[in-house]
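# This is the structure alone, sequence omitted:
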Ligand SMILES: [Zn+2]
């Protein structure tokens, strides 16, 4: 239960700290990345509280996580070189999707080590 609450509150704290001017939209995008847990539907049983998601479910493995890092980082790098790039809604949204997925993976990983 605490884990689920963290999936809502950590993104909220992040958007209030770093995306305050667009916090509502940014929070919605971050929270929507919980859809990544749809890959649990491929597992049997679908939910197992003792199972570590990281490295088990397909969208919680290394290659997808590398894609999430690129989604997060590439818009930042490209916007640094061309500032007008950061104003494009698609670029901002892809960056937020990457961020949301990375926050999700970190929270799931913390659940594995505790
Ligand atoms: Zn997950």
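Nice, thanks for sending it over. Since we're looking at a predicted model, the values are computed, not measured.
# number of nearby residues for residue 31?
Residue 31 has 17 neighbours, counted by other C-beta atoms under 10 Å. Where C-beta positions appear, they are placed from N, C-alpha and C, glycine not excepted.
# Can you name the residues that contact it?
With C-beta atoms under 8 Å, 6 or more residues apart in numbering as the criterion, the residues that contact residue 31 are 7, 8, 11, 100.
# contacting residues around the second one?
Think residue 8. When contacts are taken as C-beta under 8 Å, 6+ apart, residue 8 is in contact with residue 31.
# one more time with 10 Å
27, 30, 31, 34 (C-beta atoms under 10 Å, 6 or more residues apart in numbering).
# and if you look at the third one?
The contact partners of residue 11, by C-beta under 10 Å, 6+ apart, come to 19, 23, 26-34, 96, 99-100, 103-104, 107.
# Name only those of those that count as buried.
The neighbour count (16 or more other C-beta atoms under 10 Å) marks 19, 23, 26-27, 29-31, 33-34, 96, 99-100, 103-104, 107 as buried among those.
# Closest one of those to residue 70?
residue 99 (12.0 Å; C-beta to C-beta).
# tell me the secondary structure for the closest one?
Assigned with DSSP: H, G, I helix; E, B strand; the rest coil, residue 99 falls in the helix class.
# Around the ion, which positions in the chain sit nearby?
37, 53, 108 (C-beta under 5 Å from the ion).
# Please indicate which of those residues are buried?
37, 53, 108.
# So the nearest residue to residue 46 once chain neighbours are set aside: helix, strand or coil?
Nearest residue to residue 46, sequence neighbours excluded (C-beta to C-beta, 6 or more residues apart in numbering): residue 40, at 5.4 Å. Assigned with three-state DSSP, residue 40 falls in the helix class.
# Tell me the spacing between residue 48 and the ion.
13 Å (C-beta to the ion, to the nearest Å).
# just use 442 as the starting number from now, easier for me
All right, first residue 442 from here; so that's residue 489.
# show me what contacts that residue?
The contact partners of residue 489, by C-beta under 10 Å, 6+ apart, come to 481, 497.
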